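Asks: Coordinates for the following, if possible.
(chains A, B, C and D)
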There are 2 protein chains.
Amino acid sequence: MEALLNTIRHFIPLTEADAALIRQLFKVKQLSKGEYFVQEGYTCKQVGFIQQGLVRYFLNKDGQELTYEFGKEGEFICNYASFLDQSVSDESIQVLEDTSLLAISFDDLQTFYKQVPAGDRFGRLIVESIFVRAKKQLASLYSEPPEVRYRQFLQLYPDIQQRIPQYYISSYVGVKPPSLSRIRKRLAQS
Amino acid sequence: MEALLNTIRHFIPLTEADAALIRQLFKVKQLSKGEYFVQEGYTCKQVGFIQQGLVRYFLNKDGQELTYEFGKEGEFICNYASFLDQSVSDESIQVLEDTSLLAISFDDLQTFYKQVPAGDRFGRLIVESIFVRAKKQLASLYSEPPEVRYRQFLQLYPDIQQRIPQYYISSYVGVKPPSLSRIRKRLAQS
DNA sequence: CAATTCCGTTCACCTGGGTTAATAAATCAG
DNA sequence: CTGATTTATTAACCCAGGTGAACGGAATTG
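Replies: Presented below is the predicted three-dimensional model:
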């Protein structure tokens, strides 16, 4: 819970009253490996904060699961496109390890916005940051070849490479598993 | 100016007073072919609404200009990542034809938010819509081969194909000009 | 422990885009 | 209108990733 408060304090100052409210509004949520935080076809009803564990974001393209993002300890997870206007999600967030979350519901988040003075600003900053993140990924896909994207993935997630199947990584990088194998081989040789 | 009001009405209702305020806050701005609405290294100080004309969004990767988006009549243009927190832009918006805009400054937009009851909601809906747009493009880059992306471009911008150089389109599609030529040839044959 | 499923790698072959350069077509400026 | 510049196409060659399949090792299951 302290990790959550500190992460929020990274964006806005919090009084003790604010912190107390946050402690109240966020509920602990446990998900086992393979379970979903949001599933395609359903509405994303919460924002989560990962205390321990790992998730992947993926979308469905003709039956193929395309993993395009990961979330790890200390990060917020949410399908904002679904959450913000409570519409049906066209992508999924799945837990890759047993994961411990702090989650806040849509309604409780509105309470947070009302009662914490800088709450709206926090909300805006979070949405901005995920937007900037999406833009960065767009730029990366446009400008970087798979090999570079793989190296950047290793930098961004140095620890989780051993924790998950390679084919999630190959999907994130934008290639098929055999191709990621070749990339890894090339990198090992040099 | 009516086009602007109608576009805003597409998101929120406007009273006559609202409309009058909008007429006051948005200023006509003319840009000639080749000029910039925002340039890399500068701050995006306005949101524009295209009355007539065409723009491209691009970013700079090792001296290569990567065109990743277009804007046409009836669309808002802005580098929101720069505008929202008035930070330095890392991308540019350039005018591809002599273009007539209606533009509102950052400060005047705050006035709009304060005075128009549904103003904040409009702002949120716009930011959401550009976010969703970025996500769609991300999904497209992940899942669609260049040939499909080119066909989708033709659907999305049926008219402007003749108005701009092909290499902007090839950049948008994610390939080099010779490759787009081959794609066009393949499509013409079938 | 044995059987099965899952997963990563490798192979052979194919396809499509990158690169460079030449040429042709279109556009622009004087 | 003409020469110059810009842009689009084409060709030849190379290379990286896709595909399908086989293999071996790891993890799971009963």
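Asks: Now A:Thr111: which helix or strand?
Replies: A:Thr111 belongs to helix A:106-115 when assigned by DSSP states H and E.
Asks: Show residues contacting that helix.
Replies: Helix A:106-115 is touched from outside by A:18, A:21-22, A:25, A:45-47, A:83, A:86, A:104, A:119-120, A:123, with contacts defined as Cβ atoms under 8 Å, 6 or more residues apart in numbering or on different chains. Where C-beta positions appear, they are placed from N, C-alpha and C, glycine not excepted.
Asks: Parallel or antiparallel, which strands does the helix or strand hosting A:Ser92 pair with?
Replies: Under DSSP H and E, the secondary-structure element containing A:Ser92 is strand A:91-95. The partner list of strand A:91-95 in its sheet, established with DSSP bridges, is strand A:36-38 (antiparallel), strand A:54-61 (antiparallel).
Asks: chain center to that strand, what's the gap?
Replies: Its chain's average C-alpha position is 9 Å from that of strand A:91-95, according to Cα atoms, centre = their mean, to the nearest Å.
Asks: Repeat that for stretch A:113-124.
Replies: Once both centres are worked out by Cα atoms, centre = their mean, stretch A:113-124 turns out to sit 21 Å from its chain's centre.
Asks: Return the set of buried residues in it.
Replies: By neighbour count on 16 or more other Cβ atoms under 10 Å in any protein chain shown, the buried set for stretch A:113-124 is A:116, A:118-119, A:122-124.
Asks: Next, format the strands paired with strand A:91-95 as TSV and append mean pLDDT and distance to B:Leu180.
Replies: Putting those into TSV (pLDDT from 0 to 100; distance: least, Cβ to Cβ, whole Å) gives the following:
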stretch	mean pLDDT	distance to B:Leu180
strand A:36-38	96	37
strand A:54-61	95	23
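Asks: Filter the contacts of helix A:106-115 down to the buried ones and express that as a ChimeraX selection.
Replies: To isolate the buried members of the contacts of helix A:106-115 in ChimeraX, using 16+ other Cβ under 10 Å:
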select /A:18,21,22,25,45,46,47,83,104,119,123
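Asks: From the contacts of helix A:106-115, which land in helices?
Replies: Among the contacts of helix A:106-115, DSSP state H puts A:18, A:21-22, A:25, A:83, A:119-120, A:123 in helices.
Asks: which of those sit farthest apart?
Replies: Across the ones in helices among the contacts of helix A:106-115, no pair lies farther apart than A:Asp18 and A:Phe83, at 21.7 Å, counting by Cβ to Cβ.
Asks: From start to finish, how long is stretch A:109-127 in a straight line?
Replies: For stretch A:109-127, the first-to-last residue distance is 14 Å (Cα to Cα, to the nearest Å).
Asks: One more: stretch A:70-84?
Replies: Its first and final residues considered, stretch A:70-84 spans 20 Å by Cα to Cα.
Asks: again, but for stretch A:48-58
Replies: According to Cα to Cα, stretch A:48-58 extends 17 Å from its N-terminal end residue to its C-terminal end residue.
Asks: Go through that stretch and flag the buried ones.
Replies: Neighbour counts using 16+ other Cβ under 10 Å place A:48-51, A:53-58 of stretch A:48-58 among the buried residues.
Asks: swap in stretch A:101-109?
Replies: With burial defined by 16+ other Cβ under 10 Å, the residues of stretch A:101-109 counted as buried are A:101-104, A:108-109.
Asks: With stretch A:140-153 instead?
Replies: A:140-144, A:146-147, A:149-150, A:153.
Asks: go on, stretch A:5-22?
Replies: By neighbour count on 16+ other Cβ under 10 Å, the buried set for stretch A:5-22 is A:8, A:12, A:14, A:18-19, A:21-22.
Asks: need these in CSV with pLDDT and distance to A:Met1, can you?
Replies: Conversion of these to CSV gives the following (pLDDT from 0 to 100; distance: Cβ to Cβ, whole Å):
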residue, pLDDT, distance to A:Met1
A:Ile8, 98, 11
A:Ile12, 96, 17
A:Leu14, 97, 12
A:Asp18, 97, 13
A:Ala19, 98, 9
A:Leu21, 98, 13
A:Ile22, 98, 8
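Asks: who are the neighbours in contact with A:Cys78?
Replies: Shown in contact with A:Cys78 (Cβ under 8 Å, 6+ apart): A:38, A:44, A:46-48, A:93.
Asks: how about 7 Å then?
Replies: Contact partners of A:Cys78, counting by Cβ atoms under 7 Å, 6 or more residues apart in numbering or on different chains, are A:44, A:47-48.
Asks: How about the residues of chain A by DNA strand D?
Replies: Within chain A, the positions lying close to DNA strand D (Cβ under 7 Å from any atom of the strand) are A:145-147, A:174-176, A:178-179, A:182-183.
Asks: Which pair in those residues has the greatest spatial separation?
Replies: Of all pairs drawn from these, the one with the largest separation by Cβ to Cβ is A:Pro145 and A:Pro178; the distance is 16.5 Å.
Asks: Give the burial count for the nearest residue to A:Leu31 once chain neighbours are set aside, as a bare number.
Replies: The shortest distance from A:Leu31 to any residue that is not its chain neighbour, by Cβ to Cβ, 6 or more residues apart in numbering or on different chains, is 4.4 Å, and that residue is A:Val95. Neighbourhood size, A:Val95 [other Cβ atoms under 10 Å in any protein chain shown]: 22.
Asks: dump the residue contacts of A:Val95.
Replies: Residues in contact with A:Val95 (Cβ under 7 Å, 6+ apart) are A:31-35, A:37, A:53, A:55.
Asks: what about burial for those residues, which qualify?
Replies: The neighbour-count test (16+ other Cβ under 10 Å) marks A:31, A:37, A:53, A:55 as buried among those.
Asks: Does the last one touch A:Leu101 like I think?
Replies: What it means is A:Val55. No - here A:Val55 lies out of contact with A:Leu101, judged by Cβ atoms under 7 Å, at a distance of 9.0 Å.
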